[in-house]
Structures are given as structure tokens and as C-alpha cells.
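*Asks:* Structure for the following, please:
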Amino acid sequence: MSAVPRRRLLTLAAGALATGALQGCSADGPSGRVRLATGPRGGPYAIFGSRLADEVHRAHDQLAVRVLTTAASVENLHMLADGRADLALSLADSAADATAGRGLFQRPEPVAALARLYLNYLHLVVPADSPIKEPGQLAGRTVSLGAAESGTSVTAGRVLAAAGVRRVRSVQLGLGESIAALTGREVAAFFWSGGAPTRAIAQLARRRPVRLVPLGGLAPALRREHGPVYESVSIPAGVYGLNAPTPTVATPSYLVCRTDLAADTARAVTGVLFEARARLPVPDAPGSRLDERYAIGTGTVPLHRGAAAYYRAVYG
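*Replies:* Now for the predicted structure:
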């Protein structure tokens, strides 16, 4: 583990110990039922969440995880806030907004992090024969920003603003709907945040050639405006049949929870992430492997005391 994450971990653990907040699992282990808000049915969050639920129950047979399908990040965070969910998957920028009470969140919400999971690559997809070569050329066109209450729609809106694009006819469609709309020429482009490759986009590219519009150079502006959750990355050459890497913006996914989640439950779920990581489906792209060196790097979203207890006990 690098020096910076270790210092953060020791500080978090020491603070929790000072208040008596760190708790180990009970002798019999955690028990009960928790609800995990994921994403659209069949999508990467729902698939990851279902596998995680199975692994949690396998490791702790008295603890059941009910998987909820949702629009993803923003809806998931609202569900944590109003008590409809206990655990959730979220893009980092949406989670940071929730804890700060900004953007789509009117007040700071009771959200804590268990782990940073993997990077999501922002795709701006157009037909291969499209005249659109840069974000500025989206002006005046119809563009899908992602599903309503999804993290993709939040990131896409910020990218358009950072690129100085103001006049876009935006619609909010999920990935499947966006692909259908692009195929039917109902939209000129669509945004998607996910792995590289994303299976549905790869299937589209085999039916009809597509291209990714470069978004390189926007991460610094996004960090200045919204915080340090955006990274400059490239989608590798060969993905979707493309001949060269495509520079873009990446945002981590977090596994988050309510701040009042029982410490032994939080610690147990965090442990399963690492004990079962070889069996958990993560995107096949650079920066996507679940890694304890980066798991505690959750920015302004505080680690839950149970997660901090796990990292402290296992990694020192």
C-alpha cells in the first residue's frame, strides 16, 4: 500500500478508535437482511451486485442481500437517504454530491463508502460516418445523456459544460434505448459510463460501425469545478474495432452505504469484496481491477467505520 493511502487509513482508524466506533464482527457473525441498490436489469451494476450478494451469503450464511434494480447512481443515493436501501453502487461524482448536499441533492445525505471499486470510462458514441469529431459539434443536435437519475447523465452534463457546449437537445435514455435511438437516427450521439469494452456497445459495433468522440483534456477542468474524482484515461485501441486509443474521462465506482449501517455488516461486506474479488465481475479495462491499495481512496465520501475496521485489521 502506498504511503498516502496508508496515512489516510491510519488517520481514519485512529479517529474511529478514539470514539469507540470501530467494532469487530460478533462471535456469530453478522445476520439479517440488507438491500443493495444497483442499476438497470442486465446492466453491469446489477450483474456485479447480484454476484456480490451471492458471495456475501456464501461467506456469512446469516446475512442476506436483496438486490434492487434501479436507474443507478443518483436514484441509488436517494434510496439510501430515504431508507429504501442500505447499500448501493454509485459513480464517485454523484456520491460526492450526495455527501456535500449539492447538485441533485438538496442537503447532505447520510452516505459513507465501503470501497472504491473500479474505473468507468465515459463513452461519447456516434455512427462511424458521423461528421461529429469533437464535443462542440454536438451543438444543436439531439443527444442522449443517459438514463434519468443515472450517474452517466450527471457526468455527461458536466462534460458538455466543461467543453463549452450549451445548445444541445438532450434526452435521457438508458443504454439499450440509446443504442436503439442511435441506430434509428433519432439521436446524433449518446453518452455511456462503463467498462471498455461495454458488451452492448461492442455488439452494436459488430452490427454497425461506430466511433468514439475524444474527450481528452477535460478532466482538469472537471476537477477544478467539481472535485478530484475525474481522471484522464484512454480507451485502448482495438476496442469496438477502433484503430487508435480514444482519450476520455474516467470516474470510479464506489460501493456505498448508509452511515448507520451496522459496523459488523459493513466490515463483513467489505471483506467479501477482497476475499471473493476473483469471482466478482469487473470491467476488463486498465484501472478496473479491485485493489486494496486504491479501495480506500474515496475522496470526500468518508469510509464507514466498519470498512475502516476491516482495512485496519487486514492491511495494518
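
*Asks:* where in the stretch 1-150 of the chain is pLDDT low?
*Replies:* Counting by pLDDT under 70, the stretch 1-150 of the chain has low-confidence residues at 1-28.

*Asks:* For Ser130, give its distance to Ser73.
*Replies:* 28 Å (C-beta to C-beta, to the nearest Å). To be clear about C-beta, it is placed using only N, CA and C from the backbone, and glycine gets the same treatment.

*Asks:* Neighbour count for these two, which is higher?
*Replies:* For Ser130 versus Ser73, neighbours defined as other C-beta atoms under 10 Å are more numerous around Ser73 (37 against 16).

*Asks:* Can you list phi and psi of the more buried one for me?
*Replies:* phi -50, psi -60 (degrees, to the nearest 10).

*Asks:* what do you get for Thr142?
*Replies:* According to degrees, to the nearest 10, Thr142 has phi -90, psi 130.

*Asks:* and it, what does it touch?
*Replies:* Going by C-beta atoms under 8 Å, 6 or more residues apart in numbering, Thr142 touches 168-171, 186-188.

*Asks:* Check those residues and tell me the two furthest apart.
*Replies:* Val168 and Glu186 (14.5 Å; C-beta to C-beta).

*Asks:* For the stretch 151-300 of the chain, give me the ranges with low pLDDT.
*Replies:* Checking the stretch 151-300 of the chain against pLDDT under 70 turns up 283-289.

*Asks:* from the middle of its chain, how far away would the helix or strand hosting Ala88 be?
*Replies:* For Ala88, the host element (DSSP states H and E) is strand 87-91. Computed by C-alpha atoms, centre = their mean, to the nearest Å, the chain-centroid distance of strand 87-91 equals 7 Å.

*Asks:* got the CA coordinates for the helix or strand just after that strand in PDB?
*Replies:* Downstream of strand 87-91, the next assigned helix or strand under DSSP H and E is helix 92-100. This file holds the C-alpha atoms of helix 92-100, laid out as PDB (Å, rounded to 0.1, in the frame of the first residue of the first chain):
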ATOM      1  CA  ALA A  92     -17.900   8.800  -7.400                       C
ATOM      2  CA  ASP A  93     -19.100  12.200  -8.600                       C
ATOM      3  CA  SER A  94     -22.700  11.500  -7.700                       C
ATOM      4  CA  ALA A  95     -21.700  10.100  -4.300                       C
ATOM      5  CA  ALA A  96     -19.600  13.200  -3.600                       C
ATOM      6  CA  ASP A  97     -22.500  15.400  -4.400                       C
ATOM      7  CA  ALA A  98     -24.700  13.400  -2.000                       C
ATOM      8  CA  THR A  99     -22.400  13.800   0.900                       C
ATOM      9  CA  ALA A 100     -21.900  17.500   0.200                       C
END
